[in-house]
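In: Provided below for reference: sequence and predicted model.
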Amino acid sequence: MNDVRMGTRTPVRKQKPSVPQQTQKQNPHIKPAKPHFKFQGNERLAKFDMPLFIVTIVLLVFGGVMLLSSSFFFAGREHDGDSYHYFYSQVTFMGIGLAALIVISFIDYRILMKPKIVAMLSGASVIMMLAVKMGLGVTQGGAERWLGIGSLVFQPSEIMKFALIILLAYIAHKHSNYLKTFKGFLLFCFIIAIACGLTIWQPHLSGTIIMAGIGLTLMIISNVKFRYVFIACAGAVLIGMFVLNVMESMGFTYFEDRFLSWHNPEADIQDKTFQTYQSLVAIGSGGWFGLGLGNSRQKFSYLPATHNDFIFSVICEELGFVGGTLVLLLFVIFVLRGFYIASRARDRFGIMVAVGITSQIGIQAFLNIAVVTNSVPNTGITLPFFSYGGTALVMLMAQIGVLLNISRKARIE
């Protein structure tokens with residue numbers, strides 16, 4: 001106060017103007033660091049999705065038990081009294097698949113986003129599908145669906161399903177805005193058409209339907225406009241009818257026979273409608289609680305492919321309506337859990353891959369159940385986790401490993 005009255009002022013120090021810090025010039029000879037696949041910052045990762053893992057193990061064990069029950073008579077007849085032939089082989093593939101699931105669940109799924117990985121996986125699957133029809137194919141049941149390299153025999157279409165999911169997910173992630181255009185829609189359709197065309201060429205109708213279903217599902221959740229999706233559905237129906245007519249004219253008459261079995265299972269129970277009719281007899285014989293585990297009668301030379309396409313019929317005969325409903329419920333839980341993981345994925349690529357894998361397993365399971373119950377025409381499709389098949393089981397478990405890794409990288413609420 002005294003200083004103010006006397007007219008004096010407290011000297012104020014002048015602040016030096018702040019000099020902006022000079023940015024360091026980057027050395028042009030130093031290459032920028034490659035992008036890595038770890039999240040930035042102090043992030044929290046979700047836990048391993050235990051419900052999905054438990055459902056998978058239950059389905060795997062349940063499937064092994066039912067495979068043993070449904071295949072021991074046929075295996076003993078076809079393999080010189082070795083009634084456990086298919087079961088031991090399936091258990092081996094179970095072990096390989098389970099090991100693949102555990103290892104892959106700890107590998108960052110975003111490594112599949114690398115262009116080189118996408119290109120190699122897509123190219124290899126196409127080459128293997130072409131090789132089936134160019135001298136290396138193995139014919140079983142009148143169709144060339146297997147590739148034989150030495151003593152190794154596997155089904156390339158199982159690899160093609162996964163390659164299709166990865167390729168469509170990569171395009172949706174990297175070119176999301178482009179998919180809004182008509183050209184982007186045509187690119188999506190072209191890729192799906194290539195996969196379906198190579199599969200129906202074998203011919204493999206059920207595999208074609210599954211790949212078309214995967215493509216349509218991923219198209220719906222991507223940025224493709226709804227009117228384009230409607231055009232794709234209509235076009236797929238028309239093209240499918242045209243292809244079936246062409247194949248009928250080339251001598252593949254079993255498509256017509258299967259539509260006959262669906263329309264009237266009792267039309268020719270000694271020949272054309274034999275499978276469907278015997279499947280319905282097995283399901284009806286089971287009643288509410290079944291004849292008991294191992295007590296199926298239809299598997300004794302009546303119902304064909306009891307360890308493969310029609311294993312669900314044996315389940316219903318031995319465990320009844322309750323057992324069949326339990327199988328259906330397990331698959332419903334699996335699908336719901338898979339979509340839940342997709343909803344919590346951190347990026348569009350993870351969402352697309354999770355939905356694609358879940359849709360593949362769900363479509364195949366429900367389509368098989370629909371076939372054996374004569375809800376749809378017979379397409380010769382297997383039941384995941386239950387039907388015999390090494391390639392299918394190992395690829396199935398490996399894809400679930402990818403799904404579990406997506407769950408580990410999920411968002412925390």
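Out: Thanks, I have the structure now.

In: what's near enough to touch residue 105?
Out: 48, 401-402, 404-405, 408 (CB atoms under 8 Å, 6 or more residues apart in numbering). All C-beta spots, glycine's among them, are computed from the backbone N, C-alpha and C.

In: same question, residue 199
Out: Residues counted as contacts of residue 199 (CB under 8 Å, 6+ apart) are 129, 157, 160, 207-208, 211.

In: Residue 241: which of these is nearest?
Out: residue 208 (13.2 Å; CB to CB).

In: and the host helix or strand of the closest one, which residues are buried?
Out: If you go by DSSP states H and E, residue 208 is part of helix 205-221. Neighbour-count burial for helix 205-221, with 16 or more other CB atoms under 10 Å as criterion, is recorded at 205-219.

In: picking up where we left off before, derive a PyMOL selection command for the buried subset of the contacts of residue 105.
Out: Selecting the buried subset of these in PyMOL, with 16+ other CB under 10 Å as the burial test, is done by:
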select buried, resi 401+402+404+405+408
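
In: now the contacts of residue 105 as a markdown table including secondary structure, pLDDT and distance to residue 323?
Out: Converted to a markdown table, the contacts of residue 105 look like this (DSSP: H, G, I helix; E, B strand; the rest coil; pLDDT from 0 to 100; distance: CB to CB, whole Å):
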| residue | secondary structure | pLDDT | distance to residue 323 |
| --- | --- | --- | --- |
| 48 | coil | 77 | 29 |
| 401 | helix | 95 | 28 |
| 402 | helix | 95 | 30 |
| 404 | helix | 94 | 27 |
| 405 | helix | 94 | 32 |
| 408 | helix | 88 | 33 |
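
In: among the contacts of residue 105, which two are most distant?
Out: Checking the contacts of residue 105 with CB to CB, the most distant pair is 48 and 402, at 13.3 Å.

In: re the thing from before, outside of the helix holding residue 208 itself, which residues are in contact with it?
Out: Residues contacting helix 205-221 (CB under 8 Å, 6+ apart): 145, 157, 160-161, 164-165, 168-169, 172, 188, 191-192, 195-196, 199-200, 228-229, 232-233, 236, 255, 351-352, 355-356, 359-360, 363-364, 367, 379-382.

In: do stretch 280-288 as well
Out: By CB under 8 Å, 6+ apart, stretch 280-288 touches 265, 291, 296-298, 302-303, 310, 313-314, 316-324, 372-374.

In: what do you get for stretch 67-74?
Out: 83-87, 90, 293-294, 296, 299-301, 306-307, 311, 314-315, 318, 386-388.

In: do the same with stretch 132-151
Out: Contacts for stretch 132-151 (CB under 8 Å, 6+ apart): 128, 131, 153-157, 201-204, 207, 254, 380.

In: likewise stretch 372-384?
Out: By CB under 8 Å, 6+ apart, stretch 372-384 touches 59, 63, 141, 205-206, 209-210, 258-259, 261-262, 265, 275-276, 279-280, 283, 308-313, 331, 361, 364-365, 367-371, 389, 392, 396.

In: wait, doesn't residue 342 sit right on residue 358?
Out: Yes. Taking contacts as CB atoms under 8 Å, residue 342 lies within contact range of residue 358: 6.8 Å.

In: Now do the helices in the stretch 101-250 of the chain.
Out: For the stretch 101-250 of the chain, applying DSSP state H, counting those that start in this stretch gives helices covering 115-131, 156-174, 182-200, 205-221, 226-249.

In: looking at these, which is buried most?
Out: helix 156-174 (a mean of 23; mean count of other CB atoms under 10 Å).

In: Show me what that one is packed against.
Out: Using 3 or more CB pairs under 8 Å, 6 or more residues apart in numbering; DSSP states H and E, the elements in contact with helix 156-174 are helix 115-131, helix 182-200, helix 205-221, helix 348-372, helix 390-408.

In: longest helix of this structure?
Out: The longest helix of the chain (DSSP state H) is helix 311-343.
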